[in-house]
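# For reference, the sequence and a predicted model appear below.
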Amino acid sequence: MSLHDRVEFWFISFIHDKLYSLSMNPKKLLLPAGLKEGDNVLEVGCGPGFFTLPSAEIVGDKGFIYAIDINPFAIRKVKKKIAKAGVKNVKAMIVDVTETTLKDSSIDIAFFFGVIHSLYSIIDRVILEMHRILKDEGIIAIQKSGKSKDCLVDIITQNNKFKFIEEKKSVLVFQKIE
């Protein structure tokens, strides 16, 4: 990675780890997304892991979190957080969201917090992959950002793989259609 990429990741890390934690409780987004004890969850674009450990706490020992990002610095940082906390129900992976390597119908919820805006150019492939890995009636939860609710609903539902269920706080919830 270039120096620019490293500086950019450091800046994102600083915002997530220092500034967000002052004003945002990650569970206030994770709970409306539908995470619950025992769920298998995909965290898309985990970045420095602001939502990772709180997700692991919510799903408990019977659940599991797959935290993915394409940035090796992000995954390295998340792995350090996991090790420091002694968490056993999280796997951080450098993975492309369009080819997660996860098993078919293995995930209860996939959440996209602070990342959906960077995926618009590949959204059709993202939706197909989410449809493949989510269990029947599995959920995609998206934190609203940038685009209007109606625009995001149109983007996610355009290929009839998901239907819009509800908006809870700033989280849009979609359910897999078989």
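Done, it's in.
# I'd like the mean pLDDT over the longest strand anywhere in the chain, please.
Looking across the chain with DSSP state E, the single longest strand is strand 134-143. The average pLDDT within strand 134-143 is 97.
# Restrict stretch 141-151 to CA atoms and write it as PDB.
What follows is stretch 141-151, C-alpha atoms only, in PDB (Å, rounded to 0.1, in the frame of the first residue of the first chain):
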ATOM      1  CA  ALA A 141     -28.700  -3.800   7.100                       C
ATOM      2  CA  ILE A 142     -27.400  -0.600   5.700                       C
ATOM      3  CA  GLN A 143     -26.600   2.600   7.500                       C
ATOM      4  CA  LYS A 144     -28.000   5.500   5.500                       C
ATOM      5  CA  SER A 145     -25.400   7.800   4.100                       C
ATOM      6  CA  GLY A 146     -25.200  10.200   1.200                       C
ATOM      7  CA  LYS A 147     -28.100   8.900  -0.900                       C
ATOM      8  CA  SER A 148     -31.800   9.300   0.100                       C
ATOM      9  CA  LYS A 149     -33.700   6.400   1.600                       C
ATOM     10  CA  ASP A 150     -35.700   5.900  -1.600                       C
ATOM     11  CA  CYS A 151     -32.500   5.800  -3.700                       C
END
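# on that earlier part again, could you point out which element follows the longest strand of the chain?
Using DSSP states H and E, the helix or strand that directly follows strand 134-143 along the chain is helix 149-157.
# now that following helix and strand 134-143, what's the angle there?
150 degrees (axes from the mean of the first three to the mean of the last three C-alpha atoms, to 10 degrees).
# Next, give phi and psi for A85.
Recorded main-chain torsions at A85 are phi -80, psi -10, according to degrees, to the nearest 10.
# give me the number of residues near the residue nearest to L53 when sequence neighbours are not counted?
Nearest residue to L53 in three dimensions, chain neighbours excluded: A85, at 5.7 Å (C-beta to C-beta, 6 or more residues apart in numbering). Where C-beta positions appear, they are placed from N, C-alpha and C, glycine not excepted. A85 has 14 neighbours, counted by other C-beta atoms under 10 Å.
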